[in-house]
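Engineer: The following comprises the amino acid sequence and a computationally predicted model.
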Amino acid sequence: MAVYQSMQRVRFSSEDGYKKFQVVFANVRHQLKKLPGFLHLTWWVHPDDPHWYNEVSFWTSFEALKDWHMDTYHKHAKEWAVRTGAIMEDIIVNFEYKNARLIRVCPACAHISDTAYDVAVEQAALAKPCPKCGFIFPVMTETANSTAVFKDVAPTPAAVAAE
């Protein structure tokens with residue numbers, strides 16, 4: 001399955017513009033999880049320029065990605081941000097994502113693994129322990145304060161051990 005990646009950089013006019021944008025987009029995680037084809041979204045503020053907001057999202061098809069950009073919720077929120085002057089620039093770049101690898105070095109036994117990585121089941125893949133010693137790698141789960149939204153849910157360590 002091909003996966004599509006969208007990268008977006010947004011420059012906000014001010015700290016206040018960014019805060020207003022956060023209020024308007026507060027419900028975005030709930031909107032995304034309802035969409036067919038959504039896999040993952042992460043966003044962050046650039047460490048050297050707090051006016052830059054960076055976003056990366058993954059989708060199962062280019063059509064799913066386009067549907068999000070044309071979604072009424074997304075369009076109205078973006079239009080509001082542009083109309084009110086909160087956003088100064090918006091740069092969107094899309095890629096077809098052919099494959100991914102997960103490279104891990106176990107901190108307990110130094111085992112190195114290099115495996116194919118399916119972003120459609122990202123949380124499940126990250127929850128797997130070290131195949132040599134069983135070390136449980138930390139997994140960033142989604143929280144109300146996190147800057148990541150995942151469609152798949154990480155299994156519990158007990159579920160992974162049962163596999």
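Structural biologist: Done, it's in.
Engineer: When you work out contacts or count neighbours from here on, use the C-alpha atoms and nothing else.
Structural biologist: Will do.
Engineer: Which strand or helix spans the closest residue to residue 45 other than its chain neighbours?
Structural biologist: Using CA to CA, 6 or more residues apart in numbering and skipping the chain neighbours, the partner closest in space to residue 45 is residue 53 (4.7 Å). In this assignment (DSSP states H and E), residue 53 forms part of strand 52-59.
Engineer: could you point out which element follows that strand?
Structural biologist: Criterion used, DSSP H and E; the element after strand 52-59 is helix 62-70.
Engineer: With adjacent residues omitted, what lies nearest to the residue positioned nearest the centre of the chain?
Structural biologist: Centroid-nearest residue in the chain, with CA atoms, centre = their mean: residue 41, separated by 2.0 Å. Distance criterion CA to CA, 6+ apart; nearest residue to residue 41, sequence neighbours excluded, is residue 57 at 4.1 Å.
Engineer: show me what contacts the one you found?
Structural biologist: Counting by CA atoms under 8 Å, 6 or more residues apart in numbering, residue 57 makes contact with 5-7, 39-42.
Engineer: Check residue 104 too.
Structural biologist: By CA under 8 Å, 6+ apart, the neighbours of residue 104 are 111-114.
Engineer: SS state for it?
Structural biologist: strand (DSSP: H, G, I helix; E, B strand; the rest coil).
Engineer: Pass me the low-pLDDT residue ranges in the chain, would you?
Structural biologist: 1, 143-147, 153-163 (pLDDT under 70).
Engineer: Please pull up the helix or strand immediately following the longest helix anywhere in it.
Structural biologist: If you go by DSSP state H, the chain has its longest helix at helix 72-83. Next helix or strand after helix 72-83 toward the C-terminus (DSSP H and E): strand 87-97.
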